[in-house]
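Asks: what follows is a predicted protein model with its sequence.
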Amino acid sequence: SSDGLIMTNKHVVESDRVGYSVVTSDGTIYKDAKVLARDPYNDVAFIKVAAKNLKPAKLSDSSNYVVGQRVVAIGNALGQFQNTATEGIVSGYGRSITAGDGSGNTETLTNLIQTDAAINPGNSGGPLVTTAGEVIGMNTASAGDAQNIGFSIPISETKNQIKSVQETGKIVRPYLGVRYVPLTPELATRNDLSVDYGAYITGTVDGSPAEKAGLQEDDIITKINDDSFTANNSLQSLLAKYQVGDEITITYVRDDKTQTTKVKLEQAPTS
C-alpha cells in the first residue's frame, strides 16, 4: 500500500529475535519494519514500515492466466543482486510441494503456480508479474535439484488476507474444516469413483463448519456455489474468494449421487 504495508513470505520474517529493514528500489532504507501478521496456513506474512506515497504494485487475477503465458520474476537474487528480473513462462498450476527453509523446518504448500523463470534464494517474497507488470503470484520456493522449476503463491489467494490485515491488523481467513486430496483421473480410476475432479474428503475436523453441514469422509466436493473445480481452481483457491460468516452452497457426490448442502464459513483457528 502507499503507506507502507508490504506482503512477503512468512519464512523471510519468521524470527521474532531479529529486526527487519526494507530497502526500496531507489535505495531508500526503512528501518524498524514491524511484522504485523504471519499466516499459519500459508507462506505469507505482512510487515509495515513508516512510509508515505509509495506506489503499490497492481494485483491481477491469477486464475485468468494459462500455461505458456510469459511472466517475469523479480527479487533480490542470492541476497546481493537487488531488483533482479528473470523471464519465463507459466509452466503449470495447482502444484503441491513440501518446502524447506534450509534449517530443518518444512511446510506443505498447495495450489502453487509453477514457472521456469529463474527463482533463487533471495527471490522469496518478490512478485511474479505479467508482461504488463501486473502481479499474479509471490515467489516462494524453487526445486533445488532441478533446472528452472520455481513456485509462486497465486495472488488471488492473498487478496482477502490483504483486506483483513488492512481492516483488522491481522490475517482472518475462512475455514471449512476438511482434510482432502485433490481428485485426479488416476486416483478416481484406482478407487472406482464416479467423478474424476474435485476435493476427495479424507476426514472432517470435529466441530468444524464441514461437520456441522453433514460432510463426511469419502464425499467428493465438486463445486462451491457456481464455481467448479478445475486445474486452476482448487478447494483452497475457491474458498479464498469468501469471507468469514459467508454462507456457501457446496455440491458434493456421495455414493454416486450428487447432493448439496449449505455451509456457514467460520474463522480459521490460529494454529
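Replies: That came through, no problem. Everything numeric here is computed off the predicted structure, so don't read it as measured data.

Asks: give me the low-pLDDT residue ranges for the chain?
Replies: 99-107, 230-233, 270-271 (pLDDT under 70).

Asks: now do the SS call for Asn76.
Replies: strand (DSSP: H, G, I helix; E, B strand; the rest coil).

Asks: residues contacting the residue most central in space within the chain?
Replies: Against the mean C-alpha coordinate of the chain, by Cα atoms, centre = their mean, the closest residue is Ile153 at 4.3 Å. Neighbouring residues of Ile153 by Cβ atoms under 8 Å, 6 or more residues apart in numbering: 42-44, 109, 112-113, 137-138, 140. C-betas here are computed from N, CA, C, even on glycine.

Asks: can you tell me which of those lies nearest to Pro121?
Replies: Thr140 (11.7 Å; Cβ to Cβ).

Asks: other SSEs contacting the helix ranked longest in the chain?
Replies: Ranked by residue count, the top helix of the chain under DSSP state H comes out as helix 159-168. Under the contact criterion of 3 or more Cβ pairs under 8 Å, 6 or more residues apart in numbering; DSSP states H and E, helix 159-168 touches strand 5-8, strand 45-48.

Asks: can you list the ones you listed in TSV and add distance to Val67?
Replies: Shown next, in TSV, are the helices and strands packed on helix 159-168 (distance: least, Cβ to Cβ, whole Å):
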stretch	distance to Val67
strand 5-8	25
strand 45-48	29
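
Asks: adding distance to Asp219 and mean neighbour count, write these out as JSON lines.
Replies: Below are the helices and strands packed on helix 159-168 laid out as JSON lines (distance: least, Cβ to Cβ, whole Å; neighbours: other Cβ atoms under 10 Å):
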{"stretch": "strand 5-8", "distance to Asp219": "34", "mean neighbour count": "20"}
{"stretch": "strand 45-48", "distance to Asp219": "33", "mean neighbour count": "22"}
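
Asks: buried set for stretch 191-205?
Replies: 193, 195, 197-201, 204 (16 or more other Cβ atoms under 10 Å).

Asks: an error on my part: the question was meant for stretch 171-187.
Replies: 171-178, 180, 182-183.

Asks: now Val23, nearest residue through space, not along the chain?
Replies: Distances taken as Cβ to Cβ, 6 or more residues apart in numbering place Ile29 nearest to Val23, at 5.3 Å, with adjacent residues excluded.

Asks: so the one you found makes contact with Ser21?
Replies: Yes. Contact criterion Cβ atoms under 8 Å: Ile29 and Ser21 qualify, at 5.9 Å.

Asks: coming back round to it: which strands border the one helix or strand the residue nearest to the centre of the chain maps to, and is each parallel or antiparallel?
Replies: Using DSSP states H and E, Ile153 falls within strand 150-154. As defined by DSSP bridges, the strand partners of strand 150-154 come to strand 106-115 (antiparallel), strand 135-142 (antiparallel).

Asks: out of the ones you listed, which is the most enclosed?
Replies: strand 135-142 (a mean of 25; mean count of other Cβ atoms under 10 Å).

Asks: kindly export that one (C-alpha atoms) in CSV.
Replies: The C-alpha trace of strand 135-142 is given here as CSV (Å, rounded to 0.1, in the frame of the first residue of the first chain):
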residue,chain,number,x,y,z
VAL,A,135,1.3,-9.3,-10.1
ILE,A,136,-0.1,-12.8,-10.5
GLY,A,137,2.0,-14.5,-7.8
MET,A,138,4.5,-14.2,-5.0
ASN,A,139,7.7,-16.1,-5.5
THR,A,140,8.2,-18.6,-2.6
ALA,A,141,10.3,-21.7,-3.5
SER,A,142,12.4,-23.5,-6.1
